[in-house]
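**Student:** prediction below, plus the sequence it came from.
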Amino acid sequence: DSGVTQTPKHLITATGQRVTLRCSPRSGDLSVYWYQQSLDQGLQFLIQYYNGEERAKGNILERFSAQQFPDLHSELNLSSLELGDSALYFCASSERDTGLEKLFFGSGTQLSVL
Amino acid sequence: QQPVQSPQAVILREGEDAVINCSSSKALYSVHWYRQKHGEAPVFLMILLKGGEQKGHEKISASFNEKKQQSSLYLTASQLSYSGTYFCGTDMYSGGGADGLTFGKGTHLIIQP
């Protein structure tokens, strides 16, 4: 158990809908990362937050947004969902934001868009 | 920019050695290695800093050549438990904070008895 909690584990929805994925980092970790994993693209970095502020942005679509709240949990919002958004979404956390952090991954949210 | 890993997949017999390579077109500050077993989350293996550092984890070690912007992961005397997908992650530190940890597409390692 990494100590990172992601909910829900599975999400099935229809195209055009909006969903929210939630992540609670390990106790004491200030940094949260979101990744999208699909079969052909591996682990795609989406976005990183550190202590409530956005720190780095990867290949995150404009239809996607995220935030980190004062209690350090984070949410990833996906809107106007398309079939291609079906993937496994991982959240990871680390203690700080130095570029030398060990990331602890949650068990992921499997999103299926039908 | 996503690092490039090679090979895409490796099939070995237990006890054989393997090398997984990771390269980047950009200057690197650090290289990270993770392993993901089927149906599980990625798990940290090691981080290497620029400076040609070589680190080890059980019979798994890695090197980092900053001039060539490459890292290699070495698995010696492979065990069945080494099976999984190995990801390298590269972090291009941009002064104000980490520039995001970007992973390659992964190398699938299958160890057969």
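**Tutor:** Alright, I've got the coordinates.
**Student:** need the residues of chain B near chain A, please.
**Tutor:** B:2, B:29-30, B:32, B:34, B:40-44, B:47, B:49, B:87, B:89, B:91, B:93, B:97-106 (C-beta under 8 Å from any C-beta of the partner chain). (C-beta placed from N, C-alpha, C; glycine too.)
**Student:** can you flag which of the residues you listed belong to strands?
**Tutor:** Secondary structure defined by DSSP state E assigns B:30, B:32, B:34, B:43-44, B:47, B:49, B:87, B:89, B:91, B:101-103 of those to strands.
**Student:** now the buried members of those residues.
**Tutor:** Neighbour counting by 16 or more other C-beta atoms under 10 Å in any protein chain shown classes B:30, B:32, B:34, B:44, B:47, B:87, B:89, B:91, B:101-103 among these as buried.
**Student:** output the below-cut-off pLDDT ranges for chain B.
**Tutor:** For chain B, the stretches flagged by pLDDT under 70 are B:51-57, B:92-99.
**Student:** switch to 50 and redo it
**Tutor:** Low-confidence segments of chain B, defined by pLDDT under 50: B:94-96.
**Student:** next up, phi/psi of the residue nearest the centre of chain A, please.
**Tutor:** Among the residues of chain A, residue A:34 comes closest to the average C-alpha position under C-alpha atoms, centre = their mean, at 3.1 Å. Residue A:34 adopts backbone torsions of phi -120, psi 130, taken as degrees, to the nearest 10.
**Student:** now the one 4 residues further on
**Tutor:** Main-chain torsions, residue A:38, degrees, to the nearest 10: phi -120, psi 160.
**Student:** burial count for the closest residue to it other than its chain neighbours?
**Tutor:** Once flanking residues are discounted, residue A:38 sits nearest to residue A:87: 4.4 Å by C-beta to C-beta, 6 or more residues apart in numbering or on different chains. Number of residues near residue A:87 (other C-beta atoms under 10 Å in any protein chain shown) recorded here: 20.
**Student:** residue A:87 reaches residue A:111, doesn't it?
**Tutor:** Yes: contact criterion C-beta atoms under 8 Å: residue A:87 and residue A:111 qualify, at 6.1 Å.
**Student:** all good on my end, thank you.
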